[in-house]
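**Student:** Sharing a model that was predicted from the sequence below.
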Amino acid sequence: MTHHVTHAHRYAAIPVVTILVIQLTSLLVGAIVIENVFVLRGLGRLLFQSVGNRDLIVVQDLVMLLTAIVLVVNFLIDLSYRLLDPRIRQSV
C-alpha cells in the first residue's frame, strides 16, 4: 500500500508545483506595488521611478532581469516535472 501512496503523491505534486510557480510570479509583480505603497527600497520601486523619469535603459534592464528570473524558475519547474512524473521521463 505504501508503494501506491508514493505514486499518488508524485502525480498530485505536479498541479501543486504549477500553482506555486504562478504564485511566485505574482509575488514579483506584487513586490512592485508593495514597494511603492510602503515606500520601500527595491527593484520594484526602482522600476516604478525609472518609468516616471523616462529612464529607458534602467527600465529595459529591470524588465529583462525580471523576465530572466521568471524564465529560469519556469525552466527549473519543467525539470522538476520530469523528476515527479515517470510518464514524462519515459516519453523523452
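**Tutor:** Arrived safely. Numbers count the residues shown, from 1 in each chain.
**Student:** Show me how far the helix with the most length in the chain is from its chain's centre.
**Tutor:** In the chain, with assignment by DSSP state H, the single longest helix is helix 2-37. Its chain's average C-alpha position is 9 Å from that of helix 2-37, according to Cα atoms, centre = their mean, to the nearest Å.
**Student:** cool, stretch 49-67 as well?
**Tutor:** On Cα atoms, centre = their mean, the centre of stretch 49-67 falls 19 Å from the chain's centre.
**Student:** try stretch 42-56
**Tutor:** 21 Å.
**Student:** low-scoring pLDDT stretches of the protein, where are they?
**Tutor:** Counting by pLDDT under 70, the chain has low-confidence residues at 1-7, 10, 86, 89-92.
**Student:** returning to what we had before: what are the buried residues along the longest helix of the chain?
**Tutor:** For helix 2-37, burial by neighbour count (16 or more other Cβ atoms under 10 Å) applies to Val21, Ala31, Ile32, Glu35. Any C-beta I mention is one placed from the backbone N, CA and C, and that applies to glycine too.
**Student:** Next, count neighbours for Leu71.
**Tutor:** The criterion is other Cβ atoms under 10 Å. On that basis, Leu71 has 10 neighbouring residues.
**Student:** Check Leu62 too.
**Tutor:** Per other Cβ under 10 Å, the neighbour tally for Leu62 reads 19.
**Student:** That one: which element?
**Tutor:** Under the criterion of DSSP states H and E, Leu62 resides in helix 56-84.
**Student:** for that helix, packing partners?
**Tutor:** Where contact means 3 or more Cβ pairs under 8 Å, 6 or more residues apart in numbering; DSSP states H and E, helix 56-84 is packed against helix 2-37, helix 43-52, helix 86-91.
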